[in-house]
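Colleague: Predicted model and sequence below, questions to follow.
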Amino acid sequence: MVCLSSLLLGVRFLPGIIMVYLQAFLLIMAANAAPIFGRLLMKGRWIAPLDGGATFFDGQPLLGPSKTYRGVAFSLVGTVLAADVLAMPWEIGLLTGGLAMTGDCFSSFIKRRLGYASGGMALGLDQIPESLFPLLGLWGPLSLSPIGIMATAGAFMVFELFISPILYRFRIRKNPH
């Protein structure tokens, strides 16, 4: 059986261009997984919503109750730690986590405007901003290409759609999407 550390160490020996996109993908995964593990670890603690329960002009919540300070904190810390494991600068991890959470909040804001309830599924809108925002932020620092960014965002979307129902089945995620 292969252990996680062996897999992560093996990542360092991939050809340069593949390695960069794999590292970006793994950082985005860490940014989006960390809030879920934060919820499981912290249970009902530190659950203040980012929007403070405020509503927009349309009477709908700005973001909704599932976007919390705990989630942002776990995402930022998780991506900094993941960057270290992947032999990347901590600043790249912090940038990835911050932009992934910005993309997640952006999609929640748009979903509320479209009338989706918190936790409701909007195919593409749930996956693309939280991967595209950090990839655009990493474009310069990691010398990413537009095609590589699109391919990585697409891979993230497919992976999220595949893994989410599995995590839901094991009660790791609240929703199957």
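Modeller: Nice, thanks for sending it over.

Colleague: so how far is the top helix by length along the chain off the chain centroid?
Modeller: Scanning the chain for the helix with the most residues, using DSSP state H, yields helix 16-42. Remark: helix 16-42 is offset 7 Å from the chain centroid, using CA atoms, centre = their mean, to the nearest Å.

Colleague: ranges for the helices of the protein?
Modeller: Under DSSP H, the chain gives helices at 4-11, 16-42, 69-85, 90-113, 128-138, 146-169.

Colleague: Could you measure from the most centrally placed residue in the chain over to residue 173?
Modeller: Closest residue to the average C-alpha location of the chain: residue 32 at 2.6 Å, with CA atoms, centre = their mean. Going from residue 32 to residue 173 by CB to CB, to the nearest Å gives 11 Å. Bear in mind the C-beta positions are built from the backbone N, C-alpha and C, glycine included.

Colleague: what do you get for residue 138?
Modeller: 26 Å.

Colleague: Low-confidence stretches in the protein?
Modeller: Scanning the chain for pLDDT under 70 picks out the ranges 1-14.

Colleague: give me that answer again for 90
Modeller: Scanning the chain with the threshold set as pLDDT under 90 gives 1-18, 43-44, 117-121, 167-168, 171-177.

Colleague: Report how many residues lie close to residue 97.
Modeller: Neighbourhood size, residue 97 [other CB atoms under 10 Å]: 30.

Colleague: contacting residues for it?
Modeller: Residues near residue 97 by CB atoms under 8 Å, 6 or more residues apart in numbering: 27, 30-31, 34, 75-80, 134.

Colleague: If we use 10 Å, what do you get?
Modeller: 27-28, 30-32, 34-35, 72-83, 134 (CB atoms under 10 Å, 6 or more residues apart in numbering).

Colleague: Same question for residue 41.
Modeller: Counted by CB under 10 Å, 6+ apart, residue 41 has contacts 70, 74.

Colleague: ok, so what distance separates it from residue 77?
Modeller: For residue 41 relative to residue 77 (CB to CB), the value is 12 Å.

Colleague: again, but for residue 158
Modeller: 27 Å.

Colleague: Between the two, point out the one with more neighbours.
Modeller: residue 77 (16 against 11).

Colleague: Find the nearest non-adjacent residue to the more buried one, please.
Modeller: Closest residue in space to residue 77, ignoring its immediate chain neighbours: residue 34 at 7.1 Å, by CB to CB, 6 or more residues apart in numbering.

Colleague: Neighbours of that neighbour, how many?
Modeller: 25.
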